[in-house]
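Engineer: sharing a model that was predicted from the sequence below.
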Amino acid sequence: MRIAVFTEDDQARQVAAEFRRAAEAAGHVVDELTPALVGPEEAIGEVDLPHELEARVRAFTDANGVDRLVLCDDQSHHGRQLTRGLRTRLPVVVIQDRHVDYRHRSLDAAAAAHGRLGDSGPATVCVWGPATRRALAGRGPDTAVVVTGALGLSDDPALLRAARSAVHRRAAAPGTPLRVVIHGDGDWDEAVEELRAYGEVEFGGDPAGADLVVTATDALYPRTLRAGVPLVHHRPAATGGRVLPSLRHNLIRTTGDVGELGEVALRLKVDGRFRGDPAGEPVEHYLAFHADVGERIVDAVVRAQVPAAGSVVDGPTVDRRSLAERALDDIRDRIRRPRSLAVIGTDFGYVTGVAVPVLTYTRDLVAEGPVDVRYIDIWAFSSVEGVLAAIEGCEQVLVNSLALFWRNWLGSRVVAALLDARVPTSVYVHETEYVFDHEAATRGVRHERLLDLLPRLRLLCVSRAQADFYRKHGARDPVVVYNTVPLDDHPPRARKRAGERPRIAMVGTVQDRKGVDLFSRVAERAAALPWDFAWYGHRGRVSDTALVSTRVDWRGALPRRRVRAELAEADVLFLSSSDDPMPLAVIEAVQQRLRIVTYDRVGSKEILQGVGGYRGFGEYTPDAALTALREVLADDVDEAGYREVEELFAPASFAERMSTALALAKDGPAPRVPAPTVGALDDATGTAHAEHLAALRAEGRPADAELYERALLRRRD
C-alpha cells in the first residue's frame, strides 16, 4: 500500500518519521508531502494557497497511486482543505500529534478552541487516549476514533517506567537551592518573586535537569515525566481561558495561588519531597501506553475506508431518536452511569491484572460522556480525613479489591467512615479462596475488621462461585458482574484444526498457584506425544518441591500483542491454575477462538461448560488434565458459544453491569449488624447470622455451615 503523509511543522514531521518506520517495516511505501509542493518562486496569494495546495496533492495522489492520506491536523490552515477536498477520493486519516484535552474557563474560550481533530470528517482519527476519544464522540457520522497512543511517547519504555514510578525524592542534598524552570506566556511576576526565595528561576529552559517545572498552559507532562522532574500546573485566577486537566500522578501537582506554589517549592527544597495530586484522572486517560503504537496506527490506516457516497455530512451526527425516547434514555442513563466515581485501591498498574477490569470500565465511562473519575491511591494518604477530602462530592465509591483492607492500615477505617456517612460504597472482589485463607492466617486484626464490614458492603464478584464463597463469610447479596479485558478490534484467530504437532500454551506468572508443577508434570507425561508446551509470563515464586520441566518452553514476559500473536499459533490454552475466580487469559483465548482447558474450580467453567472447544478436569492431577487435553484437541470450537461468551465479557457489556451494580448501592448500605457469638445466635442482634446459618443447614450444606460458624467464633475471640 502507498501512503502519503502531509506535514506542516517540525512536530508533525517527527510524528511522520515514527509512522514511516512502522509503515515501511510492515511493507508499505510512505511519501512525505509538505506545503513546499507550492514553490517559493510562484506568485500565489494567501487566499488561493489552500485551494492550489489541494489541487497539487490531489494530482500527486492520482499520479502515484496513493491509497491513503495521513495528516496530523484537519483544522489547520491547510489540513481542513485537504481533508474535505480529498476524503471522498481516498481514506484520510488524522493522527493526534500533541495534547489537545485542555479545559477552558469560559464558554467563549471553549468555543474558540473547539474543533482541532475530526470536525472535517476524516475516515479515522488516531488519538492518544480515551479522554480524547470522548471529546471527539459525535463529531462526524463516518469518522472512526481509535485509541492508539502517541508515537514516540506511549511506546517509550523510559516514559512508561516514569509514569508508573514511586514517590519522588529529590537527588540533591536537603537545603540545596532549586533550579526552577517556568514555561508559558502570561504574568509570572508574582510567582517569580515567590519562587526566587527557594532558588534560581529561568524561563523556557530544558526541563531535564531542573528541580521543578512550572507551567500554566503548556502540556509538558510527557517531557517532565520522562526526565523524572516534578511538574506544577499553576492555575491562578488570572490564568487565561485555557488550563491543563487535573492529572493524578506523584510527579504532577496543581496549584491555585502563589502561596500554595511556594509551599510546594519550600518542601521540595527543605526535605527533597514532592507530593503529587492524589485525585484526578490518571495520565493513561490522556496518554495510553502501548508497546506497539506504530503498528496500531498503521493497522488503523490500512483499515480506513472512504465513506459511502452521499453519507459525508459536515457537522455533528444527527440524533434521530424522538424527544420521548431521548428523555427516557436520559433518565435511564442517569440511573445506570455514575456522574462521579472515586476508585480507591492499592494498585493501578497493569502487571498483575488487578486494575485492568476497573481501568477498562472507567475508560469506557470517560469515552461515553462527562464523568468525574478520581483515582485514589491509598498509599498517598496518611489519614482517613485526607482520603475523605479527596473524594468529597463523589456520588459513588468503588474499592478495587480486598487488598485495600489487608495491605494498608487505613483501608477498613476509610470504608467504615464511608459506610457510616451512608456514601454508596461497593467493593470489586478479585481475591480467590486461596488468597482469602492466606490473608486470614497472616493479617490478624485487619482481616477481622474486614469480616466485620462484609455484611455492610456491596460486593461485586467475578463469578457465581466466588459470590457463594463470600456469602459463607457474611456477605449479603453479592452481585456477579464478571470482568473484562480490553477488546482488540481484530484479534489474531487461532487455527480451526489442530496442527500435526499441537502447541499447548499457558499465560500467567510462573508460580505455584498458577500450577507450574501440574503444567510441568503434564508436559513430562506427554513426552511420547508430538506435543509442544510453552508458558508466557514472568518468573514469580516457585517452591523447591515444584517441578519446572525442561520440556516446557519458558518464554518469559512478552508484550501483550506478541503473546496474542503467539497464541494464534497455539492449539490449546491449558490454564493450570488451581484457584482463579475468572482468569483474564481465558477471556482473551475466547476472543482468539482458542481451545481451552481449565481445572473445574476455576471460574471459567461457569460460562464455558458444555461449549465445544472447552474441557474442564475435576481432579487436580496430571492424568486428569492430560485426558482433558486429548479430548479438546479432537473437538471443534463452537463459534456461537464462544461469541456469546465474548459478548458477555465485552467492555461495553461489563460497563453496563458495573454501572447498574453500582447504582444498587445508592439505596444505602446494609443495616449494621453486631457480630454475634455462637452462644447468642438467637438474640435479636444476631438474627441475620442465625437465619443464614439455619438456611445453610436446611439446604444440606453442613460444611458451609461449619465454616460460617467458625467465622463467627473468630469474631468473638
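Structural biologist: Nice, thanks for sending it over.
Engineer: please, which helix or strand holds the residue nearest the centre of the chain?
Structural biologist: Using C-alpha atoms, centre = their mean, the residue of the chain that lies closest to the mean C-alpha position is L359, 3.6 Å off. Per DSSP states H and E, L359 falls inside helix 356-368.
Engineer: and V201, that one's in a helix?
Structural biologist: No: V201 sits outside any helix when classified using DSSP: H, G, I helix; E, B strand; the rest coil, being strand.
Engineer: which residues sit against the helix holding L359?
Structural biologist: Applying C-beta atoms under 8 Å, 6 or more residues apart in numbering, the contact partners of helix 356-368 are 130-131, 133-134, 137, 281-282, 284-285, 337-338, 341, 343, 345, 348, 350, 371, 373, 398, 400, 428, 483-486, 584, 651-652, 654-655, 658-659. Heads up, the C-betas are built off the backbone N, CA and C, glycines and all.
Engineer: just those residues: which are in strands?
Structural biologist: Using DSSP state E, the members of these that fall within strands are E281, P282, L341, V343, G345, V373, L398, N400, Y428.
Engineer: whichever of the contacts of helix 356-368 end up buried, select them in ChimeraX.
Structural biologist: Here is the ChimeraX selection string for the buried members of the contacts of helix 356-368, based on 16 or more other C-beta atoms under 10 Å:
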select :130,131,133,134,281,282,284,285,337,338,341,343,345,348,350,371,373,398,400,428,483,484,485,486,584,651,654,655,658,659
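Engineer: could I get the phi/psi values of A403?
Structural biologist: phi -60, psi -30 (degrees, to the nearest 10).
Engineer: also V180?
Structural biologist: Per degrees, to the nearest 10, the backbone of V180 is at phi -110, psi 130.
Engineer: what's near enough to touch it?
Structural biologist: By C-beta under 8 Å, 6+ apart, the contact list for V180 reads L195, Y198, G199, E200, V201, E202, A210, D211, L212, V213, V214, A265.
Engineer: and L82, by the same measure?
Structural biologist: Taking C-beta under 8 Å, 6+ apart, we find L82 in contact with F6, L53, E54, V57, L69, L71, D74, V92.
Engineer: that one: what secondary structure?
Structural biologist: Going by three-state DSSP: L82 is helix.
Engineer: then R564?
Structural biologist: Secondary structure assignment for R564 (three-state DSSP): helix.
Engineer: can we start the residue count at 771 from this point?
Structural biologist: Done: numbering now begins at 771, and the last item shifts to R1334.
Engineer: tell me if I'm right that it and Q1362 touch.
Structural biologist: Yes: because the distance of 6.9 Å satisfies C-beta atoms under 8 Å, R1334 is recorded as touching Q1362.
Engineer: in CSV: the contacts of V950, plus pLDDT.
Structural biologist: Formatted as CSV, the contacts of V950 follow (pLDDT from 0 to 100):
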residue, pLDDT
L965, 95
Y968, 95
G969, 95
E970, 95
V971, 96
E972, 95
A980, 93
D981, 95
L982, 96
V983, 96
V984, 96
A1035, 94
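Engineer: joint contacts of R1334 and Q1362?
Structural biologist: Both R1334 and Q1362 are contacted by P1261, P1262, under the criterion C-beta under 8 Å, 6+ apart.
Engineer: more neighbours, those two?
Structural biologist: Each of R1334 and Q1362 had its neighbours counted (other C-beta atoms under 10 Å), and the higher figure belongs to Q1362 (20 against 17).
Engineer: the strands in the stretch 921-1070 of the chain, which residues?
Structural biologist: 948-953, 969-973, 982-985, 1001-1004, 1012-1013, 1017-1018, 1022-1025, 1051-1052 (DSSP state E, counting those that start in this stretch).
Engineer: rewinding a little: tell me the one among the contacts of V950 nearest to D1393.
Structural biologist: Within the set of the contacts of V950, V983 lies nearest D1393; the separation is 62.3 Å, counting by C-beta to C-beta.
Engineer: kindly reformat the strands of the stretch 921-1070 of the chain as a markdown table and extend each row with distance to E1389.
Structural biologist: As requested, the strands of the stretch 921-1070 of the chain are arranged in a markdown table below (distance: least, C-beta to C-beta, whole Å):
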| stretch | distance to E1389 |
| --- | --- |
| strand 948-953 | 64 |
| strand 969-973 | 68 |
| strand 982-985 | 60 |
| strand 1001-1004 | 56 |
| strand 1012-1013 | 61 |
| strand 1017-1018 | 47 |
| strand 1022-1025 | 52 |
| strand 1051-1052 | 44 |
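Engineer: end to end on stretch 773-782, go ahead and measure it.
Structural biologist: Using C-alpha to C-alpha, to the nearest Å, one end of stretch 773-782 lies 16 Å from the other.
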